[in-house]
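Undergrad: have a look; sequence and predicted model below, questions after that.
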Amino acid sequence: MLHRLIELEEKRLHALGYDTIVTPVQLHVTDSLQITITGNDSYVLAGIRVSADDVLSNRHSISILSPTACLQGTQQEIATLGTSSMQLFKEYILVKTTDEKPYSGDNAIPPFRLDFLKITPLPKR
């Protein structure tokens with residue numbers, strides 16, 4: 001599935017007259033609202049690395065949004081989606097993390113990591 005998404009995006013960019021380069025990118029989420037501007041690049045979500053703090057509690061809901069994709073669930077739910085979590089994000093990636101028990105006293109969002117493959121268009125030589 002991951003290979004197919006990358007292949008489709010590369011074909012689209014090749015048809016527009018661009019070469020492409022694919023590189024792995026890690027997005028460390030440490031805040032309840034985080035925005036990453038992608039510019040002309042396309043990002044394919046390859047996986048989520050849950051925090052050790054949230055493995056047992058499973059109480060933080062995550063929304064990963066862009067104009068082309070949307071994914072919502074807890075860290076564990078997204079991690080267990082498998083290939084269904086692999087989506088193509090363009091223009092920007094907004095990651096919003098909320099606590100299911102906001103008045104529990106500890107409102108700190110446990111850090112976690114999103115792994116992406118970035119597809120960058122390059123002008124043909």
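TA: Right, received. Where do you want to start? Numbering: from 1, shown residues only.

Undergrad: chain center to stretch 1-18, what's the gap?
TA: 18 Å (Cα atoms, centre = their mean, to the nearest Å).

Undergrad: please save the CA atoms from that stretch in CSV.
TA: Extracted in CSV, the C-alpha atoms of stretch 1-18 (Å, rounded to 0.1, in the frame of the first residue of the first chain):
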residue,chain,number,x,y,z
MET,A,1,0.0,0.0,0.0
LEU,A,2,2.8,2.4,0.9
HIS,A,3,4.7,1.7,-2.3
ARG,A,4,1.5,2.1,-4.3
LEU,A,5,0.7,5.6,-2.8
ILE,A,6,4.3,6.8,-3.6
GLU,A,7,4.1,5.3,-7.1
LEU,A,8,0.8,7.1,-7.8
GLU,A,9,2.1,10.5,-6.5
GLU,A,10,5.3,10.1,-8.5
LYS,A,11,3.3,9.3,-11.7
ARG,A,12,1.2,12.4,-11.1
LEU,A,13,4.3,14.6,-10.7
HIS,A,14,6.1,13.0,-13.7
ALA,A,15,3.0,13.9,-15.8
LEU,A,16,3.4,17.5,-14.7
GLY,A,17,7.1,17.5,-15.8
TYR,A,18,8.9,16.9,-12.5
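
Undergrad: any chance you could map the strands in the protein?
TA: For the chain, the strands defined by DSSP state E occupy 18-29, 33-49, 60-65, 70-74, 88-99, 112-123.

Undergrad: Glu10 is nearest to which of those strands?
TA: strand 18-29 (4.8 Å; Cβ to Cβ). C-betas here are computed from N, CA, C, even on glycine.

Undergrad: center of the chain, which residue is that?
TA: Leu45 (4.5 Å; Cα atoms, centre = their mean).

Undergrad: how about that residue: which residues does it bridge to?
TA: Using DSSP bridges, the bridge partners assigned to Leu45 are Phe116.
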